[in-house]
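S.K.: Here is a sequence with its predicted model. Questions after.
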Amino acid sequence: MNFYTLTSKSNIKTKKWLNLLFIFIFIFSALIFSVNFIVDPYNITKYNLLKIKYKFARDDRTEKTNFFTSLHKFDNILIGSSRVYSMNPKTVSKILGGTTYNFGVGTATTEDHLGILLYLKKENKLPKNLIIGVDFYTFNPDIPPNKYFLANKHLNFLSYSNYQEDYLSKFFSIDAFRASIKTFKNHLKNENEKPRFDNNGWAGSYEDYSSRDSDLDLVKAKKELTENVSMFYSNLRYKHIGHKKVQYYTQIKKICVDNNINLYIFTTPLHPKLLNILQNNENTRQALQEFLQYLSSFKNFYNTYNDKDIYNNLRSFHGATHTTTYAGDIILKKILIKTDLNL
């Protein structure tokens, strides 16, 4: 067997494997497209072939904006990250009256805060009262806008080049495929089928620590704290609040003033261990001081970092990165009743 014969056989094998690879890619892509098109977790098409009642887009911004577009105008709106998820809209309505929608979205940035408000303005659904839970990390200049914010045509006021109007790419998305699987699994439960958020945008009450083993909580908290610090605080190099972030809040304040909206702002509680890390780090301690000093310039501002009712009770925290409905009720009552009474 000579060299040319070996080379020829090798080329045939290579072509065979390449053909199999292309066939696999084609079948895999077709499968993803078909599943995403049939389930349609983002409600992109006008069809609902499986008659699915509730969709589970992993992108909660898309899920909420698509859903909210068909809703009526609300008197009160809550804005913030997943730490706002657990805040009960009914508590706001009991204090201020009227209807309330929780527009909390995962890992919200200042861009989300302004983007949601601009979206409400465009939809002619600006509220009478706007309540914003602000995370410390949101004013970090090194934290970019959330990828789901950039992909959302309703919220992204920065650029129109980051999303596609026809959404064709979403049908080939792995992210959408995961959402389709989750949606379909929920649909198969039939009588147990329920949405991720209710008609008021609420994700429901978050479980607190009180009923769980404290040692396991500490292990979980330590792991979450490590991930949280690494993800949100750029390895504790956060020294100063960002100028652009402040500009976005200047716009928020102007929109509220121009439209007679009562603006309430509060810092979302940080787990005591995480707050301690930030206060003892030279860089973040300085940023934390700037952050609180800036927010204190707003008339209706509430700093939860000093609230012993929250920090002295483990019922306030769900893991290391989220707060419970128990803590949310404390915050809402203190900021809304205090401001309402002008004390």
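M.R.: On my side now, so go ahead. Numbers count the residues shown, from 1 in each chain.
S.K.: Leaving aside the residues adjacent along the chain, what's closest to the residue most central in space within the chain?
M.R.: The centroid of the chain falls nearest to Gly106 when counting by C-alpha atoms, centre = their mean (1.4 Å). The spatial neighbour of Gly106 that comes closest, neighbours along the chain excluded (C-beta to C-beta, 6 or more residues apart in numbering), is Ser82 at 4.8 Å. Yep, even glycine has a C-beta here, placed from its N, CA and C like the rest.
S.K.: Next one: the one you found relative to Gly104, how far apart?
M.R.: Plainly put, Ser82 is 6 Å away from Gly104 if you go by C-beta to C-beta, to the nearest Å.
S.K.: next one: Leu288
M.R.: Plainly put, Leu288 is 23 Å away from Gly104 if you go by C-beta to C-beta.
S.K.: show me where the stretch 151-300 of the chain has helices.
M.R.: Secondary structure of the stretch 151-300 of the chain, counting by DSSP state H, counting those that start in this stretch: helices at 174-188, 214-232, 243-258, 272-280, 282-295.
S.K.: With distance to Leu336 and mean pLDDT added, can I get the ones you listed in JSON lines?
M.R.: As requested, these are arranged in JSON lines below (distance: least, C-beta to C-beta, whole Å; pLDDT from 0 to 100):
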{"stretch": "helix 174-188", "distance to Leu336": "34", "mean pLDDT": "74"}
{"stretch": "helix 214-232", "distance to Leu336": "27", "mean pLDDT": "54"}
{"stretch": "helix 243-258", "distance to Leu336": "16", "mean pLDDT": "97"}
{"stretch": "helix 272-280", "distance to Leu336": "23", "mean pLDDT": "85"}
{"stretch": "helix 282-295", "distance to Leu336": "17", "mean pLDDT": "94"}
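S.K.: from what I can see the residue nearest to the centre of the chain touches Val84, true?
M.R.: No: distance between Gly106 and Val84: 10.2 Å, which falls outside the contact criterion (C-beta atoms under 8 Å).
S.K.: picking up where we left off before, spit out the contact partners of the residue nearest to Gly106.
M.R.: The contact partners of Ser82, by C-beta atoms under 8 Å, 6 or more residues apart in numbering, come to Gly104, Val105, Gly106, Thr107, Ala108, Thr321, His322.
S.K.: Using pLDDT, spot the least trustworthy of the residues you listed.
M.R.: Note: of those, the lowest pLDDT belongs to Thr321, at 78.
S.K.: Could you report the neighbour count for that residue?
M.R.: When neighbours are counted by other C-beta atoms under 10 Å, Thr321 registers 20.
S.K.: What of Ser205?
M.R.: With neighbours defined by other C-beta under 10 Å, the count for Ser205 comes to 15.
S.K.: Ok, Asn76 next?
M.R.: The number of residues near Asn76, taken as other C-beta under 10 Å, comes to 23.
S.K.: Could you check how far it is from Tyr238?
M.R.: Distance from Asn76 to Tyr238, counting by C-beta to C-beta: 31 Å.
S.K.: ok, now Ile27?
M.R.: Spatial separation of Ile27 from Tyr238 under the definition C-beta to C-beta is 46 Å.
S.K.: And the strands in this structure?
M.R.: For the chain, the strands defined by DSSP state E cover 76-80, 100-104, 129-134, 262-267, 301-302, 317-318, 322-323.
S.K.: Reformat the contacts of Ser82 into JSON lines and put distance to Ser34 next to each item.
M.R.: Below are the contacts of Ser82 laid out as JSON lines (distance: C-beta to C-beta, whole Å):
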{"residue": "Gly104", "distance to Ser34": "33"}
{"residue": "Val105", "distance to Ser34": "29"}
{"residue": "Gly106", "distance to Ser34": "28"}
{"residue": "Thr107", "distance to Ser34": "31"}
{"residue": "Ala108", "distance to Ser34": "33"}
{"residue": "Thr321", "distance to Ser34": "36"}
{"residue": "His322", "distance to Ser34": "36"}
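S.K.: Now the two most distant members of those residues.
M.R.: With distances taken as C-beta to C-beta, the most widely separated pair in the contacts of Ser82 is Val105 and Thr321, at 14.9 Å.
S.K.: ranking the strands of the chain by mean pLDDT, which is last?
M.R.: Considering the strands of the chain one by one, the lowest average pLDDT is found for strand 317-318, at a mean of 82.
S.K.: sorry, back to before: so what pLDDT did the residue nearest to Gly106 get?
M.R.: pLDDT, the model's per-residue confidence, is 90 for Ser82.
S.K.: of all the helices of the stretch 151-300 of the chain, which lies closest to Lys94?
M.R.: When the helices of the stretch 151-300 of the chain are ranked by proximity to Lys94, the top entry is helix 243-258, at 22.6 Å, counting by C-beta to C-beta.
S.K.: Having no further points to raise, I will conclude here.
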